[in-house]
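Just the structure for this:
(one chain, ligands or ions: 1)
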Amino acid sequence: MREVVVSSARLDLVVPVMSDCEALLGLWNDPETMQYIGDGSVWDREKITERIERGIGMHRDRGMTFWTLIERDSGGVVGQGGLVPIEFNGPEIELGYRLGKAHWGKGYASEVARASVAYGFDTLALDELVAVTDPANLASRRVLIKTGFVEEGESEIYYGVRTIVHRMNASQRIP
Ligand SMILES: CC(C)(COP(=O)(O)OP(=O)(O)OC[C@H]1O[C@@H](n2cnc3c(N)ncnc32)[C@H](O)[C@@H]1OP(=O)(O)O)[C@@H](O)C(=O)NCCC(=O)NCCS
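Prediction:
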């Protein structure tokens, strides 16, 4: 049984385990999916293993990470998403999500965003969240606006690349 941290209507956000690697490899080896993530390169087994290890440690130490997204109907891994200290360093806490291409356009990212935001404010008692997107990632920008984030504009303060910075505090939550 997986350790469920938070659930949305159709997804469980679960603590990552090393055996997620195989499924994630099938999702993150696609250039279109990865075009707005980091330097845009696809992830191989070594990179995914390293990220799962770091994710497990982050959840253990901070109670947050990019959790593995399980589609309850199929039991399959459809992506990763959740909360992390930005740049894995903080102090701000970042919302992030990514889905395999077969799962785009179903409203899953919006579910993950809402569930993670609720977890961050209600369970982790955070004051504010940040999210960054490539300016060209219009679908992700839409997800953030729908979730209640406010666009602050373009900046290079995070990750050393130009992104649209979004912020949200608890009072901006959409009921
Ligand atoms: C971006 C991503 C997370 C969106 O996931 P999703 O589950 O398809 O998103 P949702 O279905 O919840 O919502 C997408 C919204 O964007 C809209 N949208 C989709 N493509 C769009 C486009 N090209 N321009 C404008 N809006 C767009 C959709 O209509 C929807 O809005 P609506 O509900 O008001 O109709 C998904 O495509 C993905 O994982 N991409 C690869 C990784 C990535 O870029 N992650 C985000 C990094 S910041």
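
Tell me the buried residues in the helix or strand harbouring G82?
Using DSSP states H and E, G82 sits within strand 77-85. Residues 77-84 are the ones in strand 77-85 that count as buried (16 or more other C-beta atoms under 10 Å). C-betas here are computed from N, CA, C, even on glycine.

for the residues you listed, which one is nearest A170?
A170 lies nearest to L83 out of these, by C-beta to C-beta, at 13.9 Å.

nearest residue to that closest one other than its sequence neighbours?
Nearest residue to L83, sequence neighbours excluded (C-beta to C-beta, 6 or more residues apart in numbering): M64, at 4.2 Å.

cool, and R10?
Distances taken as C-beta to C-beta, 6+ apart place R72 nearest to R10, at 6.0 Å, with adjacent residues excluded.

Ok, S140 next?
Among residues not flanking S140 along the chain, T133 sits closest, at 4.5 Å (C-beta to C-beta, 6+ apart).

just checking, the one you found touches R142?
No - judged on C-beta atoms under 8 Å, T133 makes no contact with R142 at a distance of 9.8 Å.

tell me the SS of I145?
Of the three states, I145 takes helix according to DSSP: H, G, I helix; E, B strand; the rest coil.

Write down the beta-bridge partners of the spatially closest residue to D20 that is not a sequence neighbour, one by one.
With sequence-adjacent residues excluded and distances taken as C-beta to C-beta, 6+ apart, D20 is closest to T68, at 5.0 Å. When bridges are called by DSSP bridges, T68 pairs up with V14, Q80.

need the contact list for T68.
2, 13-17, 20, 24, 77, 80 (C-beta atoms under 8 Å, 6 or more residues apart in numbering).

what does the model give the residue nearest to R10 for pLDDT?
Here, the pLDDT recorded for R72 equals 98.

For it, give its distance to G79.
14 Å (C-beta to C-beta, to the nearest Å).

quick one: the residue nearest to S140 from the ligand, how far?
4 Å (C-beta to the nearest ligand atom, to the nearest Å).

Over to S8?
11 Å.

doesn't A109 make contact with that residue?
No - judged on C-beta under 8 Å, S8 makes no contact with A109 at a distance of 10.4 Å.

Comparing the two, which residue is more hemmed in?
A direct count of neighbours by other C-beta atoms under 10 Å for S8 and A109 places A109 higher, at 24 against 20.

my guess is the residue nearest to L83 meets M58, correct?
Yes - the criterion here is C-beta under 8 Å, and M64 meets it with M58 at 6.7 Å.
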